[in-house]
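Undergrad: This is the structure alone, sequence omitted:
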């Protein structure tokens, strides 16, 4: 069983300096309720692992606007002027990570890998400070896993075991982050009884999910 | 569109010395029709990438019994005396690969990774001849991708675009191998029209699948 | 037609790139100009569009009343899903991209050079939007097509001897299509294969900083 | 009861291991003796069983007429799927195993030693079945429990000072449960915590090659 809690209980688990993976792509598939609750709780000095910094009033952009992030690993900032301003002012430390590499690094943490070799970023700024390894005559960047204290994900339906299914492109980073959080909290539209999801259709096995938060109707 | 061909046409594409990934776990989820056709065609000197060597009369065991394999990368031989006899007689060259490592190496090939770091096999025979790399103070084996000319997989249903769904534990290695073959051929029970599969339920996107072979009713 | 009209130029570029597509290709189009390529698919062929946020089978834009908040492309724009489309997570999406399963990606550029280097993700001190999926796309797709205007707004060539901005990837561009020319990056160098109707080779060379090899059988765009 | 009866021994071991489980644990049981653990789950707790061929939520064996050819466990035996079960591919299955998402794996052993080394996948020149998923399970699961008879058929200890057969993993075993004893591998060494009813500590030590630390509060199995 995944434990069903309120969004407030979820936010109360999160402390300053925690590392948070937050699902979503330009706020689609973002756990907005959990983010709102974090804004309310006003926990500071968080580290975010996200595909994009979304918009000032949607997705993780709301945490940026409220100055709750001290750092982030992220692939795209282009839709959020506030995070660019904070970055330029030295208020937030940004590690830009190519999106595919970001996903593999998150997956590596969830799958127990010590790292992966990729050619993405070779000969670019994305290579800086990273080991370059030769394998079978080609060069690769060694990219290390990205760990997190919490993964906050958004799904469409959960059963009470925590098995998750998603809706359309709101799936995006959520299933990968769900694998990787030390504690995974899924915000869902609906919680159904055990046995009501088609076992072939489950995208995230419940073994990865610790807590469920139901969105209000 | 994935091209629909006969099992005979599929087998005719495969030549001596080709590297074949073949899906299935102890013959469950194995593309038996394609294997039978390969036995008929009697192509020799094949290299197999498989989870297990199955049984003498089921799954890839049939290729072993017909002495069509010169080598294999495989995690388990315990159910097939014939392959153990051939191995002891020096007729087949076996690389034993831990099953999780095997799957990650196949996935790495499909996902364009140059390798992955794992602790599985550290300090065991599985480490022999492989680079050991330190990352963040821990040791890992660097495991390289496993490439293949063909992936022969078994699925339950395909649509005409090659999108695949599977049945129960017959899924196993099939979706991972489907990603990794230079040419991927899927043997399926049923081929439905485009639009008939639920887009949320598709396990293997058709982009990975080149040919479909329909099992006879 | 006005050769200097921005929309004319964009249509010309998109149209010419579309002619490079083959039946059953899998393609990722960047935001902006590259998106227009979808409007010029040659008759009789089917092309499958991926968006890196997790869909294969992107359809045309929906009418406002048919927008689905959970269905967007990588630019954040509302899309529709074609019959046979499927959804996947971001790791699978980038496995498709990085594993070489896309026939083509089309991207815009700030700069490109004769060695196939591409810069399109940042201007130090000015604009740092991040690379998003661009580095993955350029590194992983079989064909990397740059779609851009030949010169910047000051009339300076965007096709340089060497990129000066931070790179998106090294040596990965295979084709450059601008409002003036089609240039293929080969092992021998950057080859000028086609020029837009009404231009001379000399005019193109004049507006190009990179050294170009002029193809023997140079042609006009056939669009 | 006959202390030397094989079935008695197996039941005793499985039963004792089952007491180590907690409510909502995720567990992988190896084939053979470890499978029996599922028969002794303490009342009031729910345990979820994974099989590495791609299922979470393994149920009991089906009746012959209810067998499904596409539904097996990693030993190739027919199984049922419980309500709430789900299927996944082998890479995801091993992500569960290797990513530390299983609370426990229970495996048999040819040899185990006081440092937590385990050998259970080959006897050189004799038996080379391959490691299957054993190396992954032993490396990845939070608790690695060895279930085996204390001595081999010649009466020799299977708990050695140092394994002599090729290892499955180095230093990963956390608990050894045999028909004679429960031994926990700790940072200080192998600690004899419990002995089977009717045995003395001396008898256990006599049958154990590895050096054991005898716990102060040593207990009898409570099964």
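TA: Noted; the coordinates are in hand. Everything numeric in this text was worked out from a predicted model, so none of it was measured.
Undergrad: immediately after the helix ranked longest in chain C, which helix or strand?
TA: Secondary structure of chain C per DSSP state H: the longest helix is helix C:6-18. Next helix or strand after helix C:6-18 toward the C-terminus (DSSP states H and E): strand C:25-29.
Undergrad: Residues in contact with that next one: which ones?
TA: Strand C:25-29 is contacted from outside by B:207, C:21, C:35, C:37-38, C:45, C:47-52, C:56, C:96-97, C:101-106, C:137, C:141, using C-beta atoms under 8 Å, 6 or more residues apart in numbering or on different chains. Any C-beta I mention is one placed from the backbone N, CA and C, and that applies to glycine too.
Undergrad: are any of those buried, and which?
TA: B:207, C:21, C:35, C:37-38, C:47-52, C:56, C:96-97, C:101-106, C:137, C:141 (16 or more other C-beta atoms under 10 Å in any protein chain shown).
Undergrad: re earlier: and the longest helix of chain C, what does it pack onto?
TA: If you count contacts as 3 or more C-beta pairs under 8 Å, 6 or more residues apart in numbering or on different chains; DSSP states H and E, helix C:6-18 packs onto strand C:143-147, strand C:175-177.
Undergrad: Residue A:104 belongs to a helix?
TA: Yes. Residue A:104: assigned to a helix according to DSSP: H, G, I helix; E, B strand; the rest coil.
Undergrad: Now do the buried residues in the longest helix of chain C.
TA: Applying 16+ other C-beta under 10 Å to helix C:6-18 flags C:9, C:10, C:11, C:12, C:13, C:14, C:15, C:16, C:17, C:18 as buried.
Undergrad: Using CSV, lay out these together with pLDDT.
TA: Putting the buried residues of helix C:6-18 into CSV (pLDDT from 0 to 100) gives the following:
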residue, pLDDT
C:9, 96
C:10, 96
C:11, 96
C:12, 97
C:13, 98
C:14, 98
C:15, 97
C:16, 98
C:17, 98
C:18, 98
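Undergrad: Out of those residues, which is nearest to residue D:80?
TA: residue C:18 (53.2 Å; C-beta to C-beta).
Undergrad: ok, residue 93 - contacts?
TA: Chain wasn't specified; assuming chain A. Counting by C-beta under 8 Å, 6+ apart, residue A:93 has contacts A:70, A:71, A:72.
Undergrad: my question was about chain C
TA: So residue C:93 contacts A:103, A:172, C:50, C:52, C:53, C:54 (C-beta under 8 Å, 6+ apart).
Undergrad: so which of those residues are also by chain B?
TA: residue C:50 (C-beta under 8 Å from any C-beta of the partner chain).
Undergrad: for the contacts of residue C:93, which one is nearest chain D?
TA: Chain D lies nearest to residue A:103 out of the contacts of residue C:93, by C-beta to the nearest C-beta, at 13.4 Å.
Undergrad: Contact residues of chain A facing chain D?
TA: Counting by C-beta under 8 Å from any C-beta, chain A sits next to chain D at A:1, A:107, A:109-113, A:159-161, A:163, A:179-180, A:194-195, A:197, A:199-200, A:202, A:205-208.
Undergrad: Which of those fall in helices?
TA: A:107, A:109, A:110, A:111, A:179, A:180.
Undergrad: Now flag whichever of these is closest to chain C.
TA: residue A:107 (5.0 Å).
Undergrad: Now for residue A:157, how many residues are close by?
TA: Using other C-beta atoms under 10 Å in any protein chain shown, residue A:157 is surrounded by 18 other residues.
Undergrad: still on that earlier bit, could you dump the buried residues of helix C:6-18 into a markdown table with distance to residue D:128 added?
TA: A markdown table is the format used below for those (distance: C-beta to C-beta, whole Å):
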| residue | distance to residue D:128 |
| --- | --- |
| C:9 | 67 |
| C:10 | 64 |
| C:11 | 66 |
| C:12 | 65 |
| C:13 | 61 |
| C:14 | 60 |
| C:15 | 62 |
| C:16 | 60 |
| C:17 | 56 |
| C:18 | 57 |
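Undergrad: returning to what we had before: the longest helix of chain C vs strand C:25-29, what angle?
TA: 150 degrees (axes from the mean of the first three to the mean of the last three C-alpha atoms, to 10 degrees).
Undergrad: one step back: most neighbours among the contacts of residue A:93, which one?
TA: residue A:72 (26 neighbours).
Undergrad: any idea how far residue B:68 is from the residue of chain A most remote from its centre?
TA: When distances are taken from the C-alpha mean of chain A, residue A:137 lies farthest, 34.3 Å away, according to C-alpha atoms, centre = their mean. From residue A:137 over to residue B:68 the distance is 31 Å, taken as C-beta to C-beta, to the nearest Å.
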